[in-house]
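In: Turn this into a model:
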Amino acid sequence: MLVIRLAQAQDLDAIIQLARTSGGGLTNLPLDRSTLSEKLSRAVHTHQHMNSFGDGLFWFVLEDLNTGNIVGVSGIESAIGLDQACYTYRVGTIVHASTNLNIYHQFPTLFLTNDHSGCSELCSLYLDPTFRHSKIGALLSKARFLFMAQYPQLFAAKVIAELRGYLDETGSSPFWEGLGRHFFDMDFSQADYLTAVNRKQFIAELMPRYPFYTNFLPASARSVIGKVHADTRPAKKLLEQEGFRYEGCIDIFDAGPTLECYVDRVRAIRDSYLATMLQIQALDGYPLLVCNPDRLQFRCALLWPGESGVHATSTESLWSELKLNQEQKARCILLNRDGI
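Out: Presented below is the predicted three-dimensional model:
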């Protein structure tokens, strides 16, 4: 059975082992012990001491209770851009017109902004490739919404998710090659890595701060603005089903879209509720995402009757794995028949 819980200090070696399954190429889970150790220490401090809205990282791990292995991670930055500037491009329009010459032109532009400073951010989502089945990805992603629903005082009014942008078959970013490389004397992978390890000051020092006309970009770069990586399409669909929308902001490196939604409009947050064991048993046959209401010992699992192997199939086993007694309530959200 699989259970989501908050990351703990003793999880470091298991998280490093999980990072190895990615090949070491993920910026949100770099195969670097010192970086992962620093991230885990920050998360553990947040878990233990943060009681109101501010700068903090809630980091969740997906544990296979049969083996004790950690097979996935996901996170929530409670407030971005408070200690370091958070940069994004906003896609806009500038009009050039002359009444005398009867000329009117609209030009798409990119504005460097800090519009999302102070927002909460979904981050650090990664699942071991061998576990990408049986709606395990939905469990890993959506468990964060139940945590936010249970502890709204810890998060901003708006939550965002920056999605990975389009890369070609060689792993190159057409947007970076068309724009970023002209201002940064480094490859895309190096710039992306520096942001992953929180060395972001170079962005402010080197990035152009004035509106940039996208017409000056090569067609290959223009065509991928707001386009996601092929591997990210399922995550994009899942977030859109929860109410997230693209509002015109893109990543400054690969032009991947930023999806955003007000917290109280996220479906899994808005529609979740506290229920007793008997109330959940009355929904027999429907998949349910369920978590306990314990802040420090948060646990979340998927109740999916008939699905054997990785998810709870009975309310009794679920209550046991969530470490609840029969009189306690749990927070739940009803999923559709497909488990999403």
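In: Give me the sheet partners of the strand or helix carrying E63 and which way each runs.
Out: Assigned by DSSP states H and E, E63 belongs to strand 57-64. As defined by DSSP bridges, the strand partners of strand 57-64 come to strand 2-6 (antiparallel), strand 70-77 (antiparallel).
In: Please work out the average pLDDT along the last one.
Out: Mean pLDDT, taken over the full extent of strand 70-77, equals 97.
In: Could I get the strands paired with strand 57-64 in a markdown table, plus columns for mean neighbour count?
Out: Where you see a C-beta, it was placed from the backbone N, CA and C, and this is true even at glycine. Formatted as a markdown table, those follow (neighbours: other C-beta atoms under 10 Å):
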| stretch | mean neighbour count |
| --- | --- |
| strand 2-6 | 23 |
| strand 70-77 | 23 |
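In: got the ones you listed as JSON lines, with distance to C261 columns?
Out: Below are the strands paired with strand 57-64 laid out as JSON lines (distance: least, C-beta to C-beta, whole Å):
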{"stretch": "strand 2-6", "distance to C261": "21"}
{"stretch": "strand 70-77", "distance to C261": "13"}
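In: any idea where the strands of this structure begin and end?
Out: Counting by DSSP state E, the chain has strands at residues 2-6, 57-64, 70-77, 88-98, 103-113, 120-127, 158-162, 212-213, 245-250, 257-262, 273-275, 288-291, 299-303, 330-334.
In: if you compare these, which one is most tucked away?
Out: Comparing the strands of the chain by mean neighbour count (mean count of other C-beta atoms under 10 Å), strand 299-303 comes out on top with a mean of 26.
In: Please, where are all the helices along this protein?
Out: 12-20, 33-49, 136-150, 174-178, 188-196, 201-206, 219-222, 233-241, 267-270, 277-281, 315-321 (DSSP state H).
In: Is it possible to get TSV of the ones you listed that adds mean pLDDT and mean neighbour count?
Out: Shown next, in TSV, are these (pLDDT from 0 to 100; neighbours: other C-beta atoms under 10 Å):
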stretch	mean pLDDT	mean neighbour count
helix 12-20	96	17
helix 33-49	96	16
helix 136-150	96	23
helix 174-178	95	24
helix 188-196	76	18
helix 201-206	71	13
helix 219-222	97	14
helix 233-241	93	16
helix 267-270	96	19
helix 277-281	94	15
helix 315-321	94	18
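In: Below-threshold pLDDT in the protein: ranges please.
Out: Under the criterion pLDDT under 70, the flagged ranges of the chain are 23-25, 196-201, 204, 307-308, 337-340.
In: if we go to 80?
Out: 23-27, 189, 191-209, 306-309, 336-340 (pLDDT under 80).
In: among the helices of the chain, which is nearest C261?
Out: Closest approach to C261 among these is made by helix 233-241 (8.0 Å; C-beta to C-beta).
In: quick check: angle from the closest one to strand 245-250?
Out: 120 degrees (axes from the mean of the first three to the mean of the last three C-alpha atoms, to 10 degrees).
In: which other helices and strands contact helix 233-241?
Out: helix 136-150, strand 257-262 (3 or more C-beta pairs under 8 Å, 6 or more residues apart in numbering; DSSP states H and E).
In: Ok, which of these comes nearest L302?
Out: That would be helix 136-150 among these, by C-beta to C-beta, at 4.7 Å.
In: distance between that closest one and the chain's centre?
Out: The chain centroid and the centroid of helix 136-150 are separated by 10 Å under C-alpha atoms, centre = their mean, to the nearest Å.
In: Could I get the contacting residues of Q106?
Out: Contact analysis of Q106 by C-beta atoms under 8 Å, 6 or more residues apart in numbering lists T93, I94, V95.
In: Settle this for me: the second one is touching L110, isn't it.
Out: No: taking contacts as C-beta atoms under 8 Å, I94 lies outside contact range of L110: 10.6 Å.
In: can you list residues touching both of those two?
Out: In contact with both I94 and L110: P211, using C-beta under 8 Å, 6+ apart.
In: check contacts around A97.
Out: I103, Y104, H105.
In: gap between it and I103?
Out: 6 Å (C-beta to C-beta, to the nearest Å).
In: which residues are contacting stretch 12-22?
Out: 7, 26, 29-31, 33, 36-37, 40, 61, 69-73, 126, 128-130.
In: Residues touching stretch 220-228, excluding its own?
Out: Under C-beta under 8 Å, 6+ apart, the answer for stretch 220-228 is 91, 163-166, 173-175, 177-179, 214-215, 236, 246, 250, 254-257.
In: Am I right that V3 is in contact with R299?
Out: Yes: between V3 and R299 there is a contact under C-beta under 8 Å: 5.4 Å.
In: overlap in contacts of those two?
Out: E321, L322.
In: Mind putting the contacts of A97 into TSV with distance to A330?
Out: Shown next, in TSV, are these (distance: C-beta to C-beta, whole Å):
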residue	distance to A330
I103	64
Y104	59
H105	58
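In: burial count for P287?
Out: P287 sits with 23 neighbouring residues when counted by other C-beta atoms under 10 Å.
In: ok, it to F298 distance?
Out: Relative to F298, and taking C-beta to C-beta, P287 is found at 20 Å.
In: do L322 as well
Out: Distance from L322 to F298, by C-beta to C-beta: 9 Å.
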